[in-house]
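Chemist: Sequence below, structure please.
(chains A and B)
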Amino acid sequence: MRSEPVVQVQSLVKRYGTKTAVDGLDLAAQQGVTAVLGPNGAGKTTTVEICEGYRRPDSGTVRVLGLDPVRESAALRPRVGVMLQSGGVYAGARADEMLRHVAKLHARPLDVDALIERLGLGSCGRTSYRRLSGGQQQRLALAMAVVGRPELVFLDEPTAGLDPQARHATWDLVRDLRDDGVSVVLTTHHMDEAEQLADDVAIIDAGRVVAQGSPEELCRGGAENTLRFSGRPGLDVASLLKALPSDASAAEVTPGSYRVTGKVDPQLLATVTSWCAQHGVLPDRISVERHTLEDVFLELTGKELRS
Amino acid sequence: MTATGTYSPQPGAAPLARMIAAQAVLETRMLLRNGEQLLLTVIIPTLLLVLFSTVDVVDTGEGAAVDFLAPGVLALAVMSTAFTGQAIATGFERRYGVLKRLAASPLPRWGLMTAKTLSVLVTEVLQVVLLTVIALMLGWDPQGGALAVVTLLALGTAAFSGLGLLMAGTLKAEATLAAANLVFLLLLVGGGVVVPLDKFPEAAQDVLGLLPVAALSEGLRDVLQHGAGMPWADLGILTAWAVAGLAAAGAFFRWE
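Modeler: So this is what the prediction gives:
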């Protein structure tokens, strides 16, 4: 494993007229899968397109595989695969024709037929690109990003508009890429996609990274977790509080429904159940609510992700 | 990192010549597959040549009509491919992100432009062969030297390519489509292609004579109909258009 990040973005600023799309963004993507997560308009695509060399930053530095994406573009392009959010194919070209063409631009491309099979593009037959379904167009764009056997691929919203089956096929391919040593930077506004795929998640809001870490770290840190149980109404919450660690709190939310918040770990669960045993309480229901990335996002930005 | 995985990285660009050749083949195939493009580049020039040579619609001056028409139609063919066809195709490639996606591929931008030029040249060779055969069957009796003809066609291609790419790289795809077709039509009528320039008022002739299609068709006519040597004046006009058009395209072309 290489220790230096595959993508390093420091203090990146990009403005379009008076609108600031990226506002002092810092991001380091290591080998593996990095998800750039954020609502529409957060600056995800702008950031990725700067990394791809399409746009020049107004200030800040960007290094991709150690290279400047604009100045050292010629050295970088063969090593990086790019999936645009949409388009990128001649309207009259067939899927296999376009994929074979992109393969020809590379020295040691993947087996095109196997890739077509893998992504279910074989059924496209002689259909021209403009007549393919949105899902087929997406999968073709993904295939074009990986066919040159790159070290790093940028996938901009790779599963937007895909049905669940195609979505899982895309996820499987991303996992295989990762397992074979290809680094992946993808943008998404789907929490589950980031949770499922990413080793590392960078949450972007209003042109800045507001949190970065593994999905587990992000869910553990920040927001407190919750344990709920129900029993007979009017239990002695004060005595429960005494049994709990000092940073935890407990309350009877509605009669017979109790909530414990704090660092919810196996020890805390044991404390609650043994307290119940001492007080002759058999909870009807006991549940641990782990925070999802969705909660973390809401807490960090005060916004719902899916808009 | 395992070296044996299906996807394990083995990056690298193909040799430059192979990339450009592949790109030129694809561009040519896209062009020949497109019905509207074929209408413009093959069917319209062929119909004009046959119709105006056999039916006395326009007074083409002394001599067989085909001797006047064949050089003009060759000029039209060059314009249809290098200007109209290339402008429309490139405009839509820009609109649909094809140029953007290719810009991220190992093929350098100048390689893409070289491939586009090769594709235009291949199409022009096919057009010239087809139109020459038809014109000969209609009794065409070409004069002059091949070098002058090839020089005129090459400079004409450069001039029209510059103007076509300038349009494709600065206007919206729909605007390019409309404008390129309109310009094609106007130059077809007013550029000395099928209607002799001396049919126009004298003041207009001087201006129309400076149009690239007029310079190309008049130059080809001087050589092929009248057996002249190098038509320097027309070559000069075409060179000026080529330099101005290509420089402007280079300066103002936007890739997305």
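
Chemist: Check what pLDDT A:P245 gets.
Modeler: pLDDT recorded at A:P245 is 89.

Chemist: The one 4 residues further on too?
Modeler: The model reports A:S249 with a pLDDT of 87.

Chemist: Can you give me every residue that contacts it?
Modeler: By C-beta atoms under 8 Å, 6 or more residues apart in numbering or on different chains, the contact list for A:S249 reads A:L241, A:V260, A:T261, A:G262. In short, each C-beta sits where N, CA and C put it, glycine included.

Chemist: Look up phi and psi at it.
Modeler: With angles defined as degrees, to the nearest 10, A:S249 sits at phi -130, psi 160.

Chemist: And A:D199, by the same measure?
Modeler: phi -80, psi -30.

Chemist: quick one: which of the contacts of A:S249 sit in helices?
Modeler: A:L241 (DSSP state H).

Chemist: In a markdown table, list the contacts of A:S249 along with distance to A:L298.
Modeler: Converted to a markdown table, those look like this (distance: C-beta to C-beta, whole Å):
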| residue | distance to A:L298 |
| --- | --- |
| A:L241 | 27 |
| A:V260 | 21 |
| A:T261 | 16 |
| A:G262 | 19 |
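
Chemist: Take the contacts of A:S249 and, keeping just the buried ones, write it as a ChimeraX select command.
Modeler: Of these, the buried ones go into a single ChimeraX selection, burial set by 16 or more other C-beta atoms under 10 Å in any protein chain shown:
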select /A:260,261,262
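
Chemist: ok, the contacts of A:S249 vs B:R101, which is closest?
Modeler: Nearest to B:R101 among the contacts of A:S249 is A:T261, at 49.4 Å by C-beta to C-beta.

Chemist: For that closest one, list the residues it contacts.
Modeler: A:E224, A:N225, A:T226, A:L227, A:A248, A:S249, A:A250.

Chemist: Show me the beta-bridge partners of it.
Modeler: A:T226, A:S249 (DSSP bridges).

Chemist: before we move on, back to that, could you identify the buried members of the contacts of A:T261?
Modeler: Using 16+ other C-beta under 10 Å, the buried members of these are A:N225, A:T226, A:L227, A:A248, A:A250.

Chemist: What is the neighbour count of the nearest residue to the first one once chain neighbours are set aside?
Modeler: Among residues not flanking A:N225 along the chain, A:V264 sits closest, at 4.0 Å (C-beta to C-beta, 6 or more residues apart in numbering or on different chains). In terms of burial, A:V264 registers 19 neighbours under the definition other C-beta atoms under 10 Å in any protein chain shown.

Chemist: What residues does A:V264 make contact with?
Modeler: Per C-beta under 8 Å, 6+ apart, neighbours of A:V264: A:N225, A:T226, A:L227, A:V288, A:R290.

Chemist: you'd agree the second one is up against A:K263?
Modeler: When you say that, I think you mean A:T226. No: counting by C-beta atoms under 8 Å, A:T226 sits too far from A:K263 to count as a contact (11.0 Å).

Chemist: What is the neighbour count of the closest residue in space to B:G5 that isn't next to it in sequence?
Modeler: Distance criterion C-beta to C-beta, 6+ apart; nearest residue to B:G5, sequence neighbours excluded, is A:D180 at 3.1 Å. A:D180 has 17 neighbouring residues, counting by other C-beta under 10 Å.

Chemist: quick one on the thing from earlier: would you reformat the contacts of A:V264 as CSV and include distance to A:G41 and pLDDT?
Modeler: Shown next, in CSV, are those (distance: C-beta to C-beta, whole Å; pLDDT from 0 to 100):
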residue, distance to A:G41, pLDDT
A:N225, 30, 77
A:T226, 31, 83
A:L227, 36, 88
A:V288, 35, 84
A:R290, 29, 72
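
Chemist: among these, which two are most distant?
Modeler: Across these (C-beta to C-beta), the longest gap, 10.3 Å, separates A:L227 and A:R290.

Chemist: Contact residues of chain B facing chain A?
Modeler: B:1-2, B:5-14, B:18-19, B:22-23, B:26, B:29-30, B:33-34, B:92-93, B:96-98, B:100-101, B:103-108, B:256 (C-beta under 8 Å from any C-beta of the partner chain).

Chemist: try 7 Å
Modeler: Within chain B, the positions adjacent to chain A are B:1-2, B:5-14, B:18-19, B:22, B:26, B:30, B:33-34, B:92-93, B:96-98, B:100-101, B:104-108 by C-beta under 7 Å from any C-beta of the partner chain.

Chemist: Now the buried members of the residues you listed.
Modeler: Buried among the residues of chain B next to chain A (16+ other C-beta under 10 Å): B:7-9, B:11-14, B:19, B:22, B:26, B:30, B:34, B:92-93, B:96-98, B:100-101, B:104-108.
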